[in-house]
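Engineer: Curious how this folds, go ahead:
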Amino acid sequence: MAWWNRNRQQPAASDPTTHPTGDDVVMRLEGVTRVFKGDADEETYALRDVSLQIRRGEYACVSGPSGCGKSSLLSVMALLDTPTSGRYWLNGRATDQMSPAERARARSIDIGLIFQSFNLLGDMTVYENVEYPLTLRGASAEQRRATVEAALTRVGLRARAKQRPGSLSGGHQQLVAVARAIAGRPAVLLADEPTGNLDSRSGEALMQMLNELHAGGATVCVATHDPRWIAQARRHVYLFDGRVVDTAASPTL
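Structural biologist: Numbers count the residues shown, from 1 in each chain. The predicted structure follows:
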């Protein structure tokens, strides 16, 4: 997994869009609140004043009861959503200063997503979906081919490379998302209930895969209620009613 250890260029300290902290902080949230408005402008707080940082090479797990804000937190961290208030820095850069194009590029290059919604491109084949982040990085055709084939082999889907995601089961679509995430070599992997669409065997294999990636230097953050994931992580962040109420080293089973 040595390929994961990349020297990333850090923003200049004089840049007003950067956060004056150490290079080891990949994600920093300060006072992040997310409010959704319903009928009659009724407000629902998904996140309340969340301050959190994820360090380079860390393996963190976010847990809590249903509706506590786990998915909302990861959506903000993945640049799929924006806070109502508060600020978020990714690799030292203030995300509220990014243009939509810059946010999309950062989401495709800096972040590997393993979400239950898959976020696959239906008009592309399995192979092309996994190849996409590599294309954005400017990888050569030879590099893309070798990396995509290795990623699809790793998740057991090399024989389905020419199929489109819509022809696959939910579990196989989840594995395509996993292959795309690991092929892109992002700064951080974000996974929201990653085994939710997988059978027990595939789920165990995914847990082992993320553990190996972390051992190779990847930063991993998983949102789950599964005690096995909590025990595998090195740090446990507990949410309740949209607030971080505890953060500590993960317990062991």
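Engineer: where along this structure do the strands fall?
Structural biologist: Using DSSP state E, the strands of the chain run over 25-37, 43-55, 59-63, 85-90, 93-94, 111-114, 188-192, 219-223, 235-240, 243-249.
Engineer: What strands line up against the third one, and which way round?
Structural biologist: Right, strand 59-63. strand 219-223 (parallel), strand 235-240 (parallel) (DSSP bridges).
Engineer: Which of the strands of the chain sits closest to T125?
Structural biologist: Nearest of the strands of the chain to T125, taken as Cβ to Cβ: strand 111-114 at 18.9 Å. Placement of C-beta: from N, CA and C, glycine included.
Engineer: on contacts alone, who are the packing partners of that closest one?
Structural biologist: Under the contact definition 3 or more Cβ pairs under 8 Å, 6 or more residues apart in numbering; DSSP states H and E, strand 111-114 sits against helix 170-183, strand 188-192.
Engineer: any chance of these in TSV, with mean neighbour count too?
Structural biologist: Below are the helices and strands packed on strand 111-114 laid out as TSV (neighbours: other Cβ atoms under 10 Å):
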stretch	mean neighbour count
helix 170-183	23
strand 188-192	24
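Engineer: Out of these, which gets nearest to T135?
Structural biologist: Closest among the helices and strands packed on strand 111-114, using Cβ to Cβ: helix 170-183, at 10.8 Å.
Engineer: picking that back up, tabulate the strands of the chain (CSV), appending distance to M209 and mean pLDDT.
Structural biologist: Converted to CSV, those look like this (distance: least, Cβ to Cβ, whole Å; pLDDT from 0 to 100):
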stretch, distance to M209, mean pLDDT
strand 25-37, 20, 96
strand 43-55, 19, 96
strand 59-63, 13, 95
strand 85-90, 24, 97
strand 93-94, 29, 96
strand 111-114, 10, 89
strand 188-192, 10, 93
strand 219-223, 10, 95
strand 235-240, 19, 95
strand 243-249, 22, 87
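Engineer: Compare these and give me the one nearest S140.
Structural biologist: Counting by Cβ to Cβ, S140 lies closest to strand 111-114 out of these; the figure is 20.6 Å.
Engineer: gap between N129 and N119?
Structural biologist: Separation of N129 from N119 (Cβ to Cβ, to the nearest Å): 9 Å.
Engineer: So between these two, which is more surrounded?
Structural biologist: The neighbour count for N129 versus N119, taken as other Cβ atoms under 10 Å, is higher for N129 (25 against 15).
Engineer: That one is in contact with Q173, isn't it?
Structural biologist: No: in this structure N129 lies outside contact range of Q173 using Cβ atoms under 8 Å: 9.5 Å.
Engineer: any common contacting residues for these two?
Structural biologist: Common contacts of N129 and Q173 (Cβ atoms under 8 Å, 6 or more residues apart in numbering): L120, P165.
Engineer: right, so of the helices and strands packed on strand 111-114, which gets closest to S200?
Structural biologist: Among those, helix 170-183 sits nearest to S200 (Cβ to Cβ), with 11.0 Å.
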